[in-house]
Each structure stands twice: as C-alpha cells, then as structure tokens.
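**Student:** Okay, predicted coordinates and the sequence, questions at the end:
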Amino acid sequence: MSNAASAAPKSPNIKLPNSTAVINASTNIKNVAMNTANNIKNTMNTAANSIKNGAATVANNIKNSAVSAVNSMGNSFKSVQNVTEPIADSINESVAAVPSTAPSLYVMLPLIIGIGVLIILLTLVIYYRTAIGNAFDTMKTNISNYFSPPPPPPPVVDEQELNTVNQMVGGRKTVFNVNSNKYTYSDAEPLCKALGAELATYDQVKKAWDQGADWCNYGWIKGQAAVYPTQKSTYDALQQSSVADERMACGNVGINGGHMDNPDLRYGVNCYGDKPSQTDHDLEITNERMQPPLTPNALKQKMIELEFKANSNLIGLLPFNSKGW
C-alpha cells in the first residue's frame, strides 16, 4: 500500500490570486468603462451642439439674406417707396423676431419660403401695376357698358350750316383762290402776303383737293405753275353736256394745269393761310361762277338752245300713236 501511494503522481503547485488583486482589477475595468462612457457622452454632446449651432447659423444666414433682399428691393423701387416701405418694415420685424438660436429648422423653413413668395408676388404686382390697372379699368368699362344703355350718338352737323359758319368767321388755314385772272407770276406772292397768307404749293393744293376743294379757275402756285382742282362730281355733271368743249371745261378729275413757261401770263392766284371771311363781293362772284366757263363753241350752242326754248310753243309734236298722245 505504501508503495502504491508513493507511486501516485503529485499535484502541481497552483497559486491563487489574493482578494486585493481581484478588487484592483475590477476597479480598473470599472474606470475604463466609465471613461469610455464619458467620452461617448462628450462626443454626442459635441455633435449635438454642432448640429444645433449649424442650424442656428443657417437660420441666421437665411434671415440676413431675406433682410438684404428686402432692403435691395426697397432701394430698387424708390418710385413706389410709399407702398413697399410698410411691407418691408413688417417683413424685417417678422424676420428679426425669429430667435437666433433657431429652435427648429422645420419651423423656420416654411416661414422663409412664405416670405420669399410674398416678396416675389409683391414685385410682380409693382412691376405690372400699370397693366393690372388697365385690365381692371377695361373690365369695369365693359361691365358698365353691358348694364348701361348705349350713349346717344353725337349730333350731326349740317354741312351747309358748317359752310355758313366758315364763310362768316373765316380764319382757317386752307388753300383759297383769288379768282380774277389778271395777275402775273411776279404778282402772286405779294398778293397773298397782302391777304395775310403765302403763295400755295402744289402739295397744299393736292391736300385741299383731297378735302373737297373744287374751283374751275387757274391760279398761280410756287414753282411758276398754274393749277386748279376738279372734283369727280363736277366732272360727271359736265359730261352730261352735248358740247365736247363744255364737257372738258374744267379738265379732268384731280389737279389740272402745270408749269407755265411764260411768267407774264395772267391767271388767278392760289394762296395758303387763314382764309378771310366771305364778303358781299365774294358772294356775287360765287353766284356768277356757279356754272363753268363757256368756250366759244359752247357759248354758240347755248345761244341756239335759248333760241329754241323761246320758240318752244311753235315746235310741233306728233302723238305717240293713233290711240293716244
């Protein structure tokens, strides 16, 4: 038995740690864990502060940009300062009231967008204010015309009454003809000056013809020309004559005449200026010249017509047929 016991293997010498070492190790692990937790906490606080400060910086930048935009727009539209100043001040106060710490970007962003939209709308209204005003005026007029009776037509002025007034009053700038055919070209300008006018030009006579001028009498104009205007109504009336010379007594429709090589020919004068009022002498001449001047052949034809008219009762006529006159 003793030999067996002595032959058995011996147990190795294992040294167990004492309690102090275990406590120290636990303390070290605890300290490391707490330091790590504190570091993580500080890192998270730093990140949160950075995010918070970044949001505040963004809000401040947006606020400053909005204020600058309002101020720039106010300077650009000084002509409508009375309109924009109260709005700009209100916007500045609203923006200034935003806390610089920017509690929430989700609250600030819609506000900034709304202010921007308001500024854009205000700018468009100011820029297109004239067109908008005209549109409202047109709409107001259309509505008023729709519900209101049409205005009465303007009074029609009788042309004969207007001519009578012009004859009595005078004083209207136009081309007028001095009818006596006894003036040379050198007489024309002084004659018009004496009447408070000037010698007319071809263009002035043409414009007068466009407005209805119609007199069958030559008159000097500038450029050593003698012309007169003829309206279509006068021309058509003359075409009813049976005498060829009478049909062309007043020329063609338009401005008749042209340059005269001989300045000593005697014609009337066409002046341009304030036409004097009509005198009794002018009225007599007008009545005498209501008919166009007659050529020798036309005068001879008229004499024959007058002779037949005087003896019209002696002219025999036949009945239409045997059953009636």
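**Tutor:** Here it is on my side, so go on.
**Student:** Please state the mean pLDDT value computed over the helix or strand containing residue 139.
**Tutor:** Using DSSP states H and E, residue 139 sits within helix 129-147. In this model, helix 129-147 has a mean pLDDT of 81.
**Student:** Could you list every helix and strand that it packs against?
**Tutor:** Helix 129-147 sits against no helix or strand, with contacts defined as 3 or more C-beta pairs under 8 Å, 6 or more residues apart in numbering; DSSP states H and E. Where C-beta positions appear, they are placed from N, C-alpha and C, glycine not excepted.
**Student:** CA atoms only for it - export them in PDB, please.
**Tutor:** The C-alpha coordinates for helix 129-147 follow below in PDB (Å, rounded to 0.1, in the frame of the first residue of the first chain):
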ATOM      1  CA  ARG A 129     -49.200  97.600 -61.800                       C
ATOM      2  CA  THR A 130     -50.000  99.700 -65.000                       C
ATOM      3  CA  ALA A 131     -51.200  96.600 -67.000                       C
ATOM      4  CA  ILE A 132     -53.200  95.400 -64.000                       C
ATOM      5  CA  GLY A 133     -54.800  98.800 -63.600                       C
ATOM      6  CA  ASN A 134     -55.700  99.000 -67.300                       C
ATOM      7  CA  ALA A 135     -57.200  95.500 -67.100                       C
ATOM      8  CA  PHE A 136     -59.400  96.500 -64.200                       C
ATOM      9  CA  ASP A 137     -60.400  99.700 -66.000                       C
ATOM     10  CA  THR A 138     -61.300  97.700 -69.100                       C
ATOM     11  CA  MET A 139     -63.300  95.200 -67.100                       C
ATOM     12  CA  LYS A 140     -65.100  98.000 -65.300                       C
ATOM     13  CA  THR A 141     -65.900  99.700 -68.500                       C
ATOM     14  CA  ASN A 142     -67.200  96.500 -70.100                       C
ATOM     15  CA  ILE A 143     -69.400  95.700 -67.200                       C
ATOM     16  CA  SER A 144     -70.700  99.300 -67.100                       C
ATOM     17  CA  ASN A 145     -71.400  99.200 -70.800                       C
ATOM     18  CA  TYR A 146     -73.200  95.900 -70.500                       C
ATOM     19  CA  PHE A 147     -75.600  97.100 -67.800                       C
END
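**Student:** Flag the shaky bits of the stretch 101-250 of the chain, pLDDT-wise.
**Tutor:** 101-107, 149-171 (pLDDT under 70).
**Student:** Please enumerate the strands of it.
**Tutor:** 173-183, 197-199, 219-221, 225-230 (DSSP state E, counting those that start in this stretch).
**Student:** any idea which of these is most buried?
**Tutor:** strand 219-221 (a mean of 29; mean count of other C-beta atoms under 10 Å).
**Student:** Let me know which of the strands of the stretch 101-250 of the chain is the nearest to residue 240.
**Tutor:** strand 225-230 (15.3 Å; C-beta to C-beta).
**Student:** Need the strands of the stretch 101-250 of the chain in TSV (columns: distance to residue 134).
**Tutor:** Formatted as TSV, these follow (distance: least, C-beta to C-beta, whole Å):
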stretch	distance to residue 134
strand 173-183	37
strand 197-199	45
strand 219-221	48
strand 225-230	45
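**Student:** Go through the ones you listed and name the closest to residue 140.
**Tutor:** strand 173-183 (40.7 Å).
**Student:** my read: residue 179 touches residue 267, true?
**Tutor:** No. The criterion here is C-beta atoms under 8 Å, and residue 179 misses it with residue 267 at 9.9 Å.
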